[in-house]
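Engineer: Would you be able to build a 3D model of this:
(chains A and B)
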Amino acid sequence: MPSVPRDNRSASLYAPLRRRMIENGDWDRIAARLARELNEKGWIDRFRDLSKETARRAEATGGVSVETLMTELWPQAEDEVPTVVRQDTIGVIRKLLERQIEF
Amino acid sequence: MSFESDTDSSGGCPHLATIFAHDEERGALLNKFKNAVQWNTRRNHCVAHSVKRRKITPPDCGLCGLALSRPYACLHCSVAACWTGGHIKQHLQDTGHDFCADVTTGYVFCIECDDFVHDSTFARLYKTTIIAVEEKATAFEVSKRLREPFSPWQPNVQEQTLLEGAVSLPCQGRRGLLNLGQTCFMNVILQSFIANPLLRNYYLGDKHNSRLCKLKDCTSCEMDKLISEVYSENSAPYGPIDLLAKTWRSSAELSGYAQQDAHEFFITALNNIHATSRGSTSLQCICIIHSTFAGLLQSDVKCERCGKVAEKTDPMLDISLELKGEAGEHDLTLASCLRRYTHPEKLGPTDYSCEKCGKAHASKRLSIRKLPPVLSFQFKRFEHKSVDKSAARKIEAPVRFPSSLNMAPYTTLVMHKQELFKESGAAPPSLIPDSALGPESLYDYDLFAVVCHEGQIDNGHYTCYARSHDEWYRYDDGKVAHSTLATCLNSQAYMCFYVKRHLDYKPYVTPSYIVMREQEAIKEKEREREKEAARDKEVEEELLAAL
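Structural biologist: Okay, the predicted model is just below:
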């Protein structure tokens, strides 16, 4: 699950920054870019298949809810995000924020 | 999408069934859902194309107050909330409301079941809502007219009667194809045709009835028979003997029992079906093959000296991608092959003659001008070193390909717009830089068949994977086995077939051959009338002469 900002200044900046990013459309654009990069690396298909087959196997024992599936697979999904994609996305976000706030 | 609404039998959410039993409550629920999805689709469109950086206010979470990037809308009241932190679940628990929906995916969550629930009514409403919003937002370039709006098929009275009298047969729509002597190269292509939604629907829709067709050696009839055999109660492997015989008769190079190239058979089969299909013409053909597979490839040659660009378009039925020469041939992906395919290529001064400057350095760039509904890719694995086929080599390097592909970056119009942005120094705001180029989803394709080759060039075996709804199956001649997406994506692909997720229809225009036929019929009637009048006159004159 997304990490909560640590210090007080970060915490007070998070909500307005987030709002501005969503209003401007930057949030959606960065999210779409991330999805495209993850798709090219095969990450999306990997977890599409993994969650489907895990759910299929669980059918034999009464099935599994979407939430349980997500809790179970989230750590692995986060871990398998390719380093270059992670760094790339963080870089894009950083560049965007550098123009808007003083670090 | 079936026209019947299926009542949720066992396996569906019982709480949903309770609400659906009451028309007013059902209507209210569906209406809330539709509004939420509509709002989200419109917002996506605004966001993707707001060059003016217009602010679009997002909803706030009813619990934590944060701006929502992924709203979950309550289907009973106007509250929206985050999924993370259990905020929307909290709202449902506090208020006693049962359902909420993720506006992005349209997935519905039931608090009583404590899980997401599937219902075809919602799934269908989600799709039709999105399509309706997008249709209004995309206009054709030249005519400026809007797309033909989608409306689900409703049977008329005649059709209703026919359907009521029809007998339902159990049928899987999957059959293995017998190997008739090194014919696996043909079988894999036929399986890709069977799995092709547009081809399948054409023949299932009786558009080429083999029992009425009078053509000799008609390949289209063989396709009709093949589809009928597959969509029947018989699930035993089928031997396409007549089709093989017809192929031998029409293409001498494919005859004989030696191993052939599947891609060669693919192109030959397409040409044969085109030649025996109604409405086929040599230019701008609208036969089923060209309607399905034909796209336009554009090549822009830019003179380095004066900057003049010469544009030329060529029709294409598929895209063949080079594999050799890629850096190390490792980590190849379909996207990297396509980038290479559309990358500018330097032409030597002797290769090109500019209209203005004469012989000059130039660069040539390929792009896709028109995307076909079905995109076929071939990876050029077989490298012929010389005329003598036996000295050929096979490139074994695996290529990673996705189950969903967006073709926007490789299309002419998008590429041109992105070039303009690059020149102006500004970063393009999103994948599609101009709203006139349509929503992203117009460029989305889904994988439905993969042809694989194992072994050497002259001593190998073809198998294929094909998708049936959301399940993948592996076809090895007569053997059909249930498989998974991962197994398919990890195979060594030789050819991949993708189908456009949303078909965009031009405003309806009567096909020229029907117009001509009607004009001919009118002329024929005129001629008959004139003949009759002339005959009457003759009789009259004879009578007068006799008097």
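Engineer: Show the model's pLDDT score for residue 93.
Structural biologist: No chain was given, so I picked chain A. We have a pLDDT of 92 for residue A:93.
Engineer: ah, I was thinking of chain B
Structural biologist: For residue B:93, the model assigns a pLDDT of 95.
Engineer: Tell me which residues touch the closest residue to it other than its chain neighbours, please.
Structural biologist: Closest residue to residue B:93 apart from its sequence neighbours, by C-beta to C-beta, 6 or more residues apart in numbering or on different chains: residue B:111 at 6.4 Å. Quick note: C-beta positions are derived from backbone N, CA and C, even for glycine. Contacts for residue B:111 (C-beta atoms under 8 Å, 6 or more residues apart in numbering or on different chains) come out as B:89, B:92, B:93, B:97, B:98, B:99, B:100.
Engineer: between the residues you listed, which is nearest chain A?
Structural biologist: Nearest to chain A among the contacts of residue B:111: residue B:89, at 9.2 Å, using C-beta to the nearest C-beta.
Engineer: for the helix or strand that contains that closest one, which positions count as buried?
Structural biologist: In the assignment (DSSP states H and E), residue B:89 maps to helix B:87-95. Using 16 or more other C-beta atoms under 10 Å in any protein chain shown as the test for burial, helix B:87-95 gives B:87, B:88, B:89, B:90, B:91, B:92.
Engineer: Does residue B:210 touch residue B:219 like I think?
Structural biologist: No: with contact defined as C-beta atoms under 8 Å, residue B:210 does not count as touching residue B:219 (10.6 Å).
Engineer: So if I had to pick from those two, which one is more boxed in?
Structural biologist: More neighbours surround residue B:219 than the other of residue B:210 and residue B:219, with 23 against 18 (other C-beta atoms under 10 Å in any protein chain shown).
Engineer: so residue A:10, which of the three states?
Structural biologist: helix (DSSP: H, G, I helix; E, B strand; the rest coil).
Engineer: Quick one: the helices in chain A, in order.
Structural biologist: Taking DSSP state H as the criterion, chain A carries its helices at A:8-24, A:26-40, A:43-58, A:66-79, A:83-98.
Engineer: Worst mean pLDDT among these?
Structural biologist: Among these, helix A:8-24 scores lowest, at a mean of 86.
Engineer: That helix vs helix A:83-98, what angle?
Structural biologist: Between helix A:8-24 and helix A:83-98, the angle comes out at 90 degrees (axes from the mean of the first three to the mean of the last three C-alpha atoms, to 10 degrees).
Engineer: So for helix A:8-24, what gets flagged as buried?
Structural biologist: Within helix A:8-24, the residues that qualify as buried are A:17, A:18, A:19, A:21, A:22, A:23, A:24, counting by 16+ other C-beta under 10 Å.
Engineer: Who are the contact partners of residue B:524?
Structural biologist: Applying C-beta under 8 Å, 6+ apart to residue B:524 gives no contacts.
Engineer: ok, the one residue in the stretch 201-350 of chain B that gets nearest to chain A - contacts?
Structural biologist: Nearest residue of the stretch 201-350 of chain B to chain A (C-beta to the nearest C-beta) works out as residue B:335 at 5.1 Å. Listed by C-beta under 8 Å, 6+ apart, the contact partners of residue B:335 are A:40, B:402, B:405.
Engineer: what does residue B:337 give?
Structural biologist: For residue B:337, counting by C-beta under 8 Å, 6+ apart, the contacting residues are B:321, B:322, B:323, B:326, B:379, B:399.
Engineer: Relative to chain A, how far out is the last one?
Structural biologist: Distance, residue B:399 to chain A, by C-beta to the nearest C-beta, to the nearest Å: 11 Å.
Engineer: in the sheet, who's paired with that residue?
Structural biologist: Taking DSSP bridges as the rule, residue B:399 bridges to residue B:332.
Engineer: any idea how far the nearest residue to residue B:72 once chain neighbours are set aside lies from chain A?
Structural biologist: In this structure, residue B:72 finds its nearest non-sequential neighbour in residue B:88, 4.1 Å apart by C-beta to C-beta, 6+ apart. Between residue B:88 and chain A the computed distance is 12 Å (C-beta to the nearest C-beta).
Engineer: Surely residue B:88 touches residue B:77?
Structural biologist: No: between residue B:88 and residue B:77 there is no contact under C-beta under 8 Å: 11.7 Å.
Engineer: returning to what we had before: which of the contacts of residue B:335 are buried?
Structural biologist: Those of those that meet the buried threshold are A:40, B:402, B:405, by 16+ other C-beta under 10 Å.
Engineer: of all these, which comes closest to residue B:544?
Structural biologist: residue B:405 (80.1 Å; C-beta to C-beta).
Engineer: so after the helix holding residue B:89, what's the next helix or strand?
Structural biologist: Following helix B:87-95 in sequence, per DSSP H and E, is strand B:99-102.
Engineer: for that next one, packing partners?
Structural biologist: Packing contacts for strand B:99-102, counted by 3 or more C-beta pairs under 8 Å, 6 or more residues apart in numbering or on different chains; DSSP states H and E, involve helix B:23-49, strand B:72-74, helix B:87-95, strand B:108-110.
Engineer: Please repeat the previous calculation with a cut-off of 6 Å.
Structural biologist: Packing contacts for strand B:99-102, counted by 3 or more C-beta pairs under 6 Å, 6 or more residues apart in numbering or on different chains; DSSP states H and E, involve strand B:72-74, strand B:108-110.
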